[in-house]
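In: sequence-free structure coming up:
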């Protein structure tokens, strides 16, 4: 089930969101930015939705605040005010995936949250593949260094060492072929 965090200073919006999506998503709602950060610490949040206009800080400011510690959740911004400067600011500073006008349409918002979750999991998969590739490259570098030492005469070449070189060369080839 998709873990969604919704931050809005108006409690009735949170109630409506929870009622609309509690069957489809694991919903976490709050009116307080500090509570939202606590939820982020404790829950594996995939999608964060925030209202833009709030008294303590804007949605963009909230996203900027959490970005260093929570870069992975996909961020969406809700607003009842059509402000092109806020849209540009949201995209540039808050790395917003979608900017949604209030009042939101339940089926459209549900589809957007699903898209955002898919994007989150795609990014996670890419990060995992990148880590595996880095590990393989580090192993190949290690083997390459060992071969270089063997061939530079630092280790006396004999039949046993020649077999080590051939084995290491095969391992490097296999590592590189698997990428």
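Out: On my side now, so go ahead. Quantities reported herein were computed from a predicted structural model and do not represent experimental measurements.

In: sec struct for residue 116, please.
Out: State at residue 116, reduced to three classes by DSSP: H, G, I helix; E, B strand; the rest coil: helix.

In: residues in contact with it?
Out: Shown in contact with residue 116 (CB atoms under 8 Å, 6 or more residues apart in numbering): 46-47, 74, 76, 97-98. For the C-beta atoms, the positions are set from N, CA and C on the backbone; glycine is no exception.

In: Residue 148: neighbouring residues, count only.
Out: The number of residues packed near residue 148 is 10, by other CB atoms under 10 Å.

In: May I have the secondary structure class of it?
Out: helix.

In: For it, give me the pLDDT.
Out: What the model reports as pLDDT for residue 148 is 70.

In: Distance check, it against residue 55.
Out: Distance, residue 148 to residue 55, using CB to CB, to the nearest Å: 63 Å.

In: that older thread, ok, of the contacts of residue 116, which one's closest to residue 121?
Out: residue 46 (7.6 Å; CB to CB).

In: Angles on the backbone of residue 102, please.
Out: With angles defined as degrees, to the nearest 10, residue 102 sits at phi -90, psi 150.
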